[in-house]
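**Q** What follows is a predicted structure for the sequence shown.
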Amino acid sequence: MTEIQPPQDYEELIRVIHERHDHMSKTYKEIALYLTQNPNDVAVRSVHGIAEICGIHASSFVRFAQMLGYSGFKELKALFQKRLATAAPGFEAWVRALESELKSAADGSGSNFLRDLAARDIASLQDMIGSVPADDLARAADLLVGAEAVYLVGQLRSAPVVVLMHYILTMLGKRCILLDSSGGLATHVARTMGKDDVLFAVSFRFYATEVVNIVEEAALEGVPVVAISDSTLSPLAKAASVMFAVPERDYSFSRSLAAPMCLTQALALAVAARVQKDPTAPRIPTVTGS
């Protein structure tokens with residue numbers, strides 16, 4: 001029997017996980033999702049701590065590592081530790097520093113929710129700065145600029161992100177079609193897309209079925225897709241021409257849109273810089289008087 005050669009670095013590991021993801025069991029897919037979304041946690045937590053968070057037995061993590069060719073989970077974890085040792089301060093480090101600073105200024109006025117959300121939003125934004133490739137931003141902006149029309153789709157919590165992009169692109173003079181689900185025609189309107197158009201799609205866990213279907217159908221028809229989601233294992237990832245993964249660290253009631261909104265604005269500004277005469281100071285036209 002040929003011995004399986006395990007990935008030798010973090011980047012290769014993530015690539016292998018992506019390649020094998022569709023053929024994994026449900027449990028292994030959940031493990032893969034956690035590993036790809038929380039690399040800093042994997043580096044510092046014990047296998048039992050990670051297993052408790054995921055609600056999966058620790059032995060499953062060991063078998064997952066062995067499936068990839070490692071002797072055990074400790075060997076797989078070493079790749080995450082090496083990555084963390086050479087990376088900029090991650091999400092948890094930013095959270096700890098910011099929470100400590102904000103708590104020192106607490107006045108007991110009942111603003112705990114505001115302070116907590118602000119700390120986590122700032123940390124998410126800081127973390128995103130180093131994780132979004134400049135080449136991907138440039139490529140996505142070029143696709144949007146060159147599109148005959150930009151179709152936009154996002155439902156539930158993702159809707160505000162799409163509405164923001166629709167507003168900015170419209171003000172820049174781009175022909176935009178918002179695939180609004182309220183009339184029940186989003187899927188049918190999406191089928192009017194052509195290969196010279198671009199689909200801008202946003203979806204987070206738990207992914208809206210209609211959005212996923214529209215993205216997959218668009219890709220099959222050769223329509224370029226620019227997507228924002230929460231993981232490189234998102235169902236949008238395979239169909240996307242350019243995929244931006246903005247991980248959500250806390251699956252709670254207060255899941256924030258600060259990071260995806262900021263990313264959308266950055267992408268819109270990159271588009272504005274390409275379509276306006278002064279690329280150093282792109283501006284959105286004003287429509288109201290002073």
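**A** That came through fine.
**Q** quick one: pLDDT of the residue nearest to Asp180 when sequence neighbours are not counted?
**A** Closest residue to Asp180 apart from its sequence neighbours, by CB to CB, 6 or more residues apart in numbering: Ala186 at 6.4 Å. For the C-beta atoms, the positions are set from N, CA and C on the backbone; glycine is no exception. For Ala186, the pLDDT comes out at 92.
**Q** Show the contacting residues for the closest residue to Leu84 other than its chain neighbours.
**A** Leaving aside its chain neighbours, Leu84 sits nearest to Ala43 (4.1 Å; criterion: CB to CB, 6+ apart). Neighbour list for Ala43: 77, 80-81, 83-84 [criterion: CB atoms under 8 Å, 6 or more residues apart in numbering].
**Q** These in helices, which ones?
**A** Under the assignment DSSP state H, these contribute 77, 80-81, 83-84 to helices.
**Q** The least confident helix or strand in the chain by mean pLDDT: what's the following helix or strand?
**A** Ranked by mean pLDDT, DSSP states H and E, the weakest helix or strand in the chain is helix 91-103, scoring a mean of 56. Per DSSP states H and E, the first helix or strand lying C-terminal to helix 91-103 is helix 112-129.
**Q** which strands and helices sit next to that next one?
**A** helix 91-103, helix 258-275 (3 or more CB pairs under 8 Å, 6 or more residues apart in numbering; DSSP states H and E).
**Q** the inter-axis angle of the last one versus helix 112-129?
**A** Calculated by axes from the mean of the first three to the mean of the last three CA atoms, to 10 degrees, helix 258-275 forms an angle of 50 degrees with helix 112-129.
**Q** Could you check how far helix 258-275 is from the centre of its chain?
**A** 15 Å (CA atoms, centre = their mean, to the nearest Å).
**Q** could you give me the average pLDDT of that helix?
**A** Mean per-residue pLDDT for helix 258-275: 93.
**Q** Distance to Ala123 added to the contacts of Ala43, as CSV?
**A** Compiled in CSV, the contacts of Ala43 are given as follows (distance: CB to CB, whole Å):
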residue, distance to Ala123
Lys77, 23
Phe80, 19
Gln81, 21
Arg83, 18
Leu84, 15
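**Q** Now the helix or strand harbouring the residue nearest to Leu84: average pLDDT?
**A** Ala43 belongs to helix 39-44 when assigned by DSSP H and E. For helix 39-44, the mean pLDDT works out to 83.
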